[in-house]
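predicted model and sequence follow; I will ask about them next.
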Amino acid sequence: MLTVLPLAGLAQTPQATEPTPTGKVFGGSQQFRTFSIGVNAGVLMPVVATGGSNDFTKWQLNYGYGANVKWQILHFLGLRADFMGGKVKGDNSRELGNGANPNRQYESFETTLKWSGSLNAVFNVATINWLHRQGAAQLYLSVGGGLAGYNPEVTTPGGVTTDYKPSGTIKEFYVPVGAGIKFRLSDITNLDLGYTMHYVDGDNFDGYNYNPPTKDKFSYAHVGIEFALGNRAKPQLQWHNAPAVMYDDLVAQKDQLKLELDAQKEANAKLAASVDKLQADSDGDGVSDLFDKCPNTPKTDKVDGSGCPLPKADTAKPGPVQVIITEDDRRLVRDAIANLEFATGKSDIKPASYPSLNRVADLLKRKNLSLKLAGHTDNVGNDASNMRLSKDRAESVKAYLVSQGANPSRIEATGYGETQPIASNKTAAGRQKNRRVEFTIY
């Protein structure tokens with residue numbers, strides 16, 4: 001599994017006292033310490049990093065504590081049983097998004113998490129160390145399922161506090177999803193910094209069902225100490241650096257790798273030459289030499305998508321040409337705008353957009369219409385990058401229409417960056433509307 005390989009190196013000086021691991025790559029788990037126990041403490045919050053609405057407008061930090069037992073099954077996979085308790089609080093002291101005060105039945109809540117137990121799969125994503133034969137730090141992800149017992153109390157604006165369920169403890173299923181980083185302090189102890197999001201299968205955790213009801217969630221950020229169990233002469237499986245053990249085999253493959261890299265460089269050089277050939281435009285008519293069916297066209301001549309001159313107007317009978325743009329034409333352009341998709345943060349058009357763009361190209365050719373492309377972005381990132389991205393996306397649409405036979409001289413591509421928003425950049429929906437390419441036919 002690639003997940004057990006180190007992803008980054010820390011510039012550290014090896015210590016003379018650093019122990020050499022004795023475990024073999026394919027020697028079985030009996031040569032390692034695979035069981036550990038841990039304790040932790042931190043803060044509980046009625047909010048998760050993935051976002052979403054909450055029944056109360058303001059969340060508060062409160063204490064939490066926990067313990068765990070873990071069985072490391074493989075280098076990258078462990079099975080961990082977690083226990084957790086503490087308190088979670090929130091209130092309605094924060095204004096709503098429109099500036100209004102929340103008009104709700106309860107002013108605040110306090111939930112006592114009496115106990116919770118879950119079983120989690122823990123994935124070792126990365127061991128951050130190339131220089132040492134044993135890792136110094138590792139990233140991990142976890143996911144599982146469990147059962148929580150809790151008791152919410154709610155307080156009205158008048159200061160009256162009541163139990164949400166006077167008859168006893170509420171028990172509900174929840175899904176914990178977490179991530180963290182672990183540091184090896186010694187052969188026995190590890191420092192654990194983690195964050196776990198808990199998705200409760202119900203809308204009772206904060207003692208209030210806001211309309212429409214949504215399932216509650218809370219998170220736990222903690223600092224913990226983990227203690228490895230077993231014979232100290234054996235290394236911990238989770239820290240065993242298999243790539244370091246296989247180092248000798250990698251040295252033997254050095255020459256073969258060099259040959260492959262040389263072959264890749266040659267292939268890259270050929271690719272660069274092909275790109276240069278694709279971009280060449282000897283007569284400057286806006287059509288690549290690779291697609292230009294009429295080379296050496298005078299620069300003053302207007303050409304079609306294949307690089308051939310367009311029929312010249314009859315000067316003996318001058319007169320304006322009336323261009324009629326129908327509602328069907330406008331609808332076709334609106335569909336193209338709605339279906340236009342780019343790769344995230346790039347100017348590459350996704351293939352799903354090709355059919356609607358093909359219809360726009362056909363319209364431009366049939367009616368000899370002109371088209372203005374205006375690229376826009378939201379305000380995420382710096383101004384220069386946004387201006388460049390908006391221009392590149394407009395030019396990318398132009399290039400595609402030209403490749404389908406549209407007249408490049410009748411297509412204008414302009415980038416405006418983040419300077420002309422049509423919605424607020426303070427919300428995800430607004431930023432989505434601002435990331436657009438506008439089409440104007442005339």
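On my side now, so go ahead. Numbering: from 1, shown residues only.

tell me where this protein has helices.
Along the chain, counting by DSSP state H, helices occupy 242-245, 247-252, 254-279, 327-339, 354-367, 383-403, 428-434.

quick one: which of those helices is nearest residue 286?
Closest of those to residue 286 is helix 383-403, at 7.1 Å (criterion: CB to CB). Every C-beta, even on glycine, is put in place using the N, C-alpha and C of the backbone.

and residue 427, how far from residue 436?
The spacing between residue 427 and residue 436, counted by CB to CB, to the nearest Å, is 16 Å.

where does the stretch 1-150 of the chain have low pLDDT?
Residues of the stretch 1-150 of the chain meeting the criterion pLDDT under 70: 1-27, 127-135.

80 - rerun?
Applying pLDDT under 80 to the stretch 1-150 of the chain picks out residues 1-29, 52-54, 96-100, 126-135.

so what's the residue count around residue 195?
The number of residues packed near residue 195 is 17, by other CB atoms under 10 Å.

separation between it and residue 87?
In this view, residue 195 and residue 87 are 18 Å apart by CB to CB.

same deal with residue 346?
The gap separating residue 346 from residue 87 is 46 Å, by CB to CB.

quick one: which of the two has more around it?
Under the neighbour definition other CB under 10 Å, residue 346 and residue 87 were set side by side, and residue 87 has more, 14 against 11.

contacting residues for residue 34?
For residue 34, the contact set (CB atoms under 8 Å, 6 or more residues apart in numbering) comprises 71, 72, 73, 230, 237.

just these: which are in strands?
Judged by DSSP state E, strands contain the following of the contacts of residue 34: 71, 72.

just the buried ones from the contacts of residue 34?
Those of the contacts of residue 34 that meet the buried threshold are 72, 237, by 16 or more other CB atoms under 10 Å.

as JSON lines, the helices of the chain with mean pLDDT and distance to residue 304 would be great.
Compiled in JSON lines, the helices of the chain are given as follows (pLDDT from 0 to 100; distance: least, CB to CB, whole Å):
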{"stretch": "helix 242-245", "mean pLDDT": "68", "distance to residue 304": "58"}
{"stretch": "helix 247-252", "mean pLDDT": "70", "distance to residue 304": "57"}
{"stretch": "helix 254-279", "mean pLDDT": "85", "distance to residue 304": "19"}
{"stretch": "helix 327-339", "mean pLDDT": "87", "distance to residue 304": "20"}
{"stretch": "helix 354-367", "mean pLDDT": "90", "distance to residue 304": "8"}
{"stretch": "helix 383-403", "mean pLDDT": "89", "distance to residue 304": "9"}
{"stretch": "helix 428-434", "mean pLDDT": "83", "distance to residue 304": "34"}
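
ok, which of these comes nearest residue 120?
helix 242-245 (23.3 Å).

need the contact list for the nearest residue to residue 294 once chain neighbours are set aside.
Using CB to CB, 6 or more residues apart in numbering and skipping residues adjacent in sequence, the residue nearest residue 294 is residue 308, 3.9 Å away. Contact analysis of residue 308 by CB under 8 Å, 6+ apart lists 293, 294, 297.

surely the last one touches residue 285?
Yes. Contact status for residue 297 versus residue 285: in contact at 5.0 Å, counting by CB atoms under 8 Å.

okay, the two: which has more neighbours?
Using other CB under 10 Å as the criterion, residue 297 and residue 285 rank with residue 285 on top: 25 against 19.

follow-up on the earlier one: farthest pair in the contacts of residue 34?
Greatest spatial distance among the contacts of residue 34 (CB to CB): 73 and 230, at 14.8 Å.

so the residue nearest to residue 294 versus residue 203, what's the distance?
Going from residue 308 to residue 203 by CB to CB gives 67 Å.

same deal with residue 239?
Distance, residue 239 to residue 203, by CB to CB: 42 Å.

more neighbours: the two, which one.
Neighbour count, other CB under 10 Å: between residue 239 and residue 203, residue 239 has more, with 26 against 17.

hang on, the more buried one packs against residue 137?
No. Applying CB under 8 Å as the test, residue 239 and residue 137 come out as separate, 9.8 Å apart.

for the residue most central in space within the chain, what are phi and psi?
Nearest to the geometric centre of the chain sits residue 344, at 9.9 Å (CA atoms, centre = their mean). The phi/psi pair for residue 344 (degrees, to the nearest 10) reads phi -60, psi 120.

quick one: contacts for it?
Applying CB under 8 Å, 6+ apart, no residues contact residue 344.

cool, and residue 429?
Residues in contact with residue 429, defined by CB under 8 Å, 6+ apart, are residue 423.

hmm, residue 434 and residue 377 touching each other?
Yes. Residue 377 is within contact range of residue 434, at 6.7 Å (criterion: CB under 8 Å).

more crowded one of these two?
residue 377 (26 against 20).

and the more buried one, how far from residue 301?
Distance, residue 377 to residue 301, by CB to CB: 35 Å.

could you do residue 212 as well?
For residue 212 relative to residue 301 (CB to CB), the value is 64 Å.

quick one: which of the two has more around it?
Neighbour count, other CB under 10 Å: between residue 212 and residue 301, residue 301 has more, with 14 against 7.

number of nearby residues for residue 109?
Residue 109: 24 surrounding residues under other CB under 10 Å.

got phi/psi on residue 253?
Dihedral angles (degrees, to the nearest 10) for residue 253: phi -90, psi 10.

give me the pLDDT for the closest residue to residue 408 other than its chain neighbours.
Closest residue to residue 408 apart from its sequence neighbours, by CB to CB, 6+ apart: residue 286 at 3.8 Å. pLDDT, residue 286: 78.

OK, contacts around residue 286?
Applying CB under 8 Å, 6+ apart to residue 286 gives the contacts 303, 402, 408, 409.

ok, it to residue 295 distance?
According to CB to CB, residue 286 stands 13 Å off from residue 295.

among the contacts of residue 286, who's most crowded?
residue 402 (24 neighbours).

so that residue makes contact with residue 408?
Yes. With contact defined as CB under 8 Å, residue 402 reaches residue 408; the gap is 4.7 Å.

residues that sit against both of the two, list them.
Listed as contacting both residue 402 and residue 408 by CB under 8 Å, 6+ apart are 286, 287, 305.

need those in TSV (columns: distance to residue 166).
Output for the shared contacts of residue 402 and residue 408, formatted as TSV (distance: CB to CB, whole Å):
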residue	distance to residue 166
286	78
287	79
305	76
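
just those now: which is nearest residue 330?
For the shared contacts of residue 402 and residue 408, the minimum distance to residue 330 (CB to CB) is 22.8 Å, reached by residue 305.

check contacts around that closest one.
Shown in contact with residue 305 (CB under 8 Å, 6+ apart): 287, 291, 361, 365, 402, 403, 404, 405, 406, 407, 408.

from residue 360, how far out is the closest residue to it other than its chain neighbours?
For residue 305, ignoring the flanking residues on the chain, the nearest one in space by CB to CB, 6+ apart is residue 405 at 3.6 Å. Applying CB to CB, the value for residue 405 to residue 360 is 11 Å.
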